[in-house]
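need a 3D model of the sequence below.
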Amino acid sequence: MPFPMVLIWTLVLFVCALSLVLGRSLPAGFRERACQGRAWRREFPRASKAQIRAFLQVFASAFGFDKTDSLRFSPYDSVLSVYRALYPLQWTPDALELETFAQMLEKRYGLRLEETGSATVTLGALFRAIDDPGAKG
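Down below sits the predicted model:
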């Protein structure tokens, strides 16, 4: 591989690694939001605040967001909408956030993201599937 290509790929990998280590700020549409805790409690009245926070922190961690921002996500946000807010251009290299989230979901909750049946699955639908394994999707 020619030296300029090696340099470019090294720079891309460095930026991706740096963003994971330092954390990243939320995309604009999510950054201005107030806490969505009330929406989560309304949607899942039987779930404890700790369960909701733990789930959202898994999501935030997979995407490299600070855990203090995790409650800015609503149960109606799709995983893909958050991903597209980070990477609006189709061919932009990513930091494997979706794959990381899928691995974390399976490890922590036994839920396989690819079995949810939809690329536009919402965070609420995933939480519901975790809370009630028979309700996936």
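
burial measure for residue 125, as a count.
20 (other CB atoms under 10 Å). Heads up, the C-betas are built off the backbone N, CA and C, glycines and all.

correct me if wrong: it contacts residue 116.
Yes - assessed by CB atoms under 8 Å, residue 125 is found in contact with residue 116 at 6.9 Å.

what's residue 131 in contact with, if anything?
44, 46, 47, 51 (CB atoms under 8 Å, 6 or more residues apart in numbering).

report pLDDT for it.
Among the per-residue scores, residue 131 holds a pLDDT of 74.

which is the succeeding secondary structure element to the lowest-mean-pLDDT helix or strand in the chain?
Counting by mean pLDDT, DSSP states H and E, the chain has its least confident helix or strand at helix 3-22, which shows a mean of 61. From helix 3-22 onward toward the C-terminus, using DSSP states H and E, the following helix or strand is helix 28-31.

which residues in this protein form helices?
With DSSP state H as the criterion, the chain has helices at 3-22, 28-31, 37-43, 49-62, 79-86, 97-109, 123-131.

got any ranges where the chain has weak pLDDT?
Residue ranges of the chain with pLDDT under 70: 5-7, 9, 11-24, 117, 119, 132-137.

any idea how far residue 70 is from the residue sitting nearest the centre point of it?
Centroid-nearest residue in the chain, with CA atoms, centre = their mean: residue 59, separated by 3.9 Å. Applying CB to CB, to the nearest Å, the value for residue 59 to residue 70 is 7 Å.

please apply the same query to residue 34.
14 Å.

between those two, who's got more neighbours?
residue 70 (22 against 8).

thought residue 121 was touching residue 78, still the case?
Yes - Residue 78 is in contact with residue 121 according to CB under 8 Å; the separation is 6.4 Å.

contacts only, for the closest residue to residue 76 other than its chain neighbours.
Take residue 76 and drop its neighbours on the chain: the residue closest to it by CB to CB, 6 or more residues apart in numbering is residue 122, 5.7 Å away. Applying CB under 8 Å, 6+ apart to residue 122 gives the contacts 75, 76, 77, 78, 79.

switch the cut-off to 10 Å
Residues in contact with residue 122 (CB atoms under 10 Å, 6 or more residues apart in numbering) are 43, 73-81, 116, 128, 137.
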